[in-house]
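Visitor: can't give you the sequence, but here's the structure:
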């Protein structure tokens, strides 16, 4: 908001008449209130309405963008973890055992190991009671060919002594070309306690037109900046 007065600590001057003190105090109160309304609020929405029953609290502005936060994950975070003995001995180390990896994308160019396989990336999310909600999960992919069917998934494992896997949402795509593939099923999803969240992409190897993964993006709502990624 625009403030009525500029902040000026040189006024009033020492020569100011004493009978203007009350007005000067009111001006100081107004200057402080207008500025505090930008960073604090109360149940009624303003600093001026605060009181014993309406204590001031940090506003959404300084707690963080409570809706639409985004985390973009580079493709190198996705690993297949099914590495052969020779891959493990390879130097320099291979980040992916079954494809080519560069700064822009990972592609599934090796066909000898499997017809299709999954790569996973961890998704670190704050948990309730902060009430974090995932609203969108999308993947930037390229099927390269109509015969290549890419599947993307959003899920979690139970962090217990009897762990199981649950998929919140899954979607597949076969149309040729680069696609921003969004998962709609299961969203919005309230982040649960004691769950290990992850993203998964099923890659389709092909020696000439291998599928490509560029990265993923997760959009979520969070109550304040202490609940962020």
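Guide: Received the coordinates, thanks. Model, not experiment: these values are computed from the prediction.

Visitor: Which residue ranges make up the domains of this protein?
Guide: According to automatic domain parsing, the chain comprises the domains 18-63, 69-221.

Visitor: which one of the ones you listed lies closest to residue 5?
Guide: The closest of those to residue 5 is domain 18-63. By C-beta to C-beta, the value is 5.5 Å. Every residue, glycine included, has its C-beta placed from N, CA and C.

Visitor: And the next helix or strand past the lowest-mean-pLDDT helix or strand in the chain?
Guide: Lowest mean confidence among the helices and strands of the chain (mean pLDDT, DSSP states H and E): helix 85-89, at a mean of 46. The element immediately downstream of helix 85-89 (helix or strand, assigned by DSSP states H and E) is strand 100-101.

Visitor: just how off-centre is the helix or strand just after that next one within its chain?
Guide: The element immediately downstream of strand 100-101 (helix or strand, assigned by DSSP H and E) is strand 106-107. Offset of strand 106-107 from its chain centre (C-alpha atoms, centre = their mean, to the nearest Å): 23 Å.

Visitor: Return the list of strands paired to the stretch of helix or strand residue 172 belongs to, each annotated with direction.
Guide: Element membership for residue 172 (DSSP H and E) is strand 165-173. Here strand 165-173 has these sheet partners by DSSP bridges: strand 150-158 (antiparallel).

Visitor: Report the buried residues of the strand it pairs with.
Guide: 150, 151, 152, 153, 154, 155, 156 (16 or more other C-beta atoms under 10 Å).
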